[in-house]
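Colleague: Could you work out the structure for the sequence below:
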Amino acid sequence: QVQLVESGGGLVQAGGSLRLSCAASGSIRSIFAMGWYRQAPGKQRELVADITSGGTTSYADSVKGRFTISRDNAKNTVSLQMNSLKSEDTAVYYCSAALSTAQAINVIVHYWGQGTQVTVSS
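Modeller: This next block holds a predicted model:
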């Protein structure tokens, strides 16, 4: 059993900052990519940022220069520092991880957290 637990969402004014964190736990063998997605009401889920185990990052164009993703491989955690927040950043943010488990070391499965609400007021 693998769990991803997010924390750090909330309500913030435009221009403010929030930091999201996610911890993966359970019978994990290796975590490859970790990332953050978001889904706004009436819209499809979209990739915000992701990071490989080697530290290579990628960002959606809409958040480049404002958001920073980081991870701690030893602790199986990933964080998203969000600065200069805009109203259009309002969404439910989901943590994701592509990993293998101790029971199936050669199978990579994509896991999701339960989501955390981020609301930016203008």
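
Colleague: For this structure, which element, helix or strand, carries the lowest mean pLDDT?
Modeller: Taking mean pLDDT, DSSP states H and E as the measure, the helices and strands of the chain show their lowest mean at strand 104-112, namely a mean of 92.

Colleague: Against which helices or strands is it packed?
Modeller: Under the contact criterion of 3 or more CB pairs under 8 Å, 6 or more residues apart in numbering; DSSP states H and E, strand 104-112 touches strand 2-7, strand 28-39, strand 91-101. All C-beta atoms are positioned from the backbone trio N, CA, C, and that covers glycine.

Colleague: let's go with 6 Å and repeat that
Modeller: If you count contacts as 3 or more CB pairs under 6 Å, 6 or more residues apart in numbering; DSSP states H and E, strand 104-112 packs onto strand 91-101.

Colleague: Would you mind getting the angle between the strand it packs on and strand 28-39?
Modeller: For strand 91-101 against strand 28-39, the angle by axes from the mean of the first three to the mean of the last three CA atoms, to 10 degrees is 160 degrees.

Colleague: Partner strands of strand 91-101 and their direction?
Modeller: strand 28-39 (antiparallel), strand 104-112 (antiparallel), strand 116-121 (antiparallel) (DSSP bridges).
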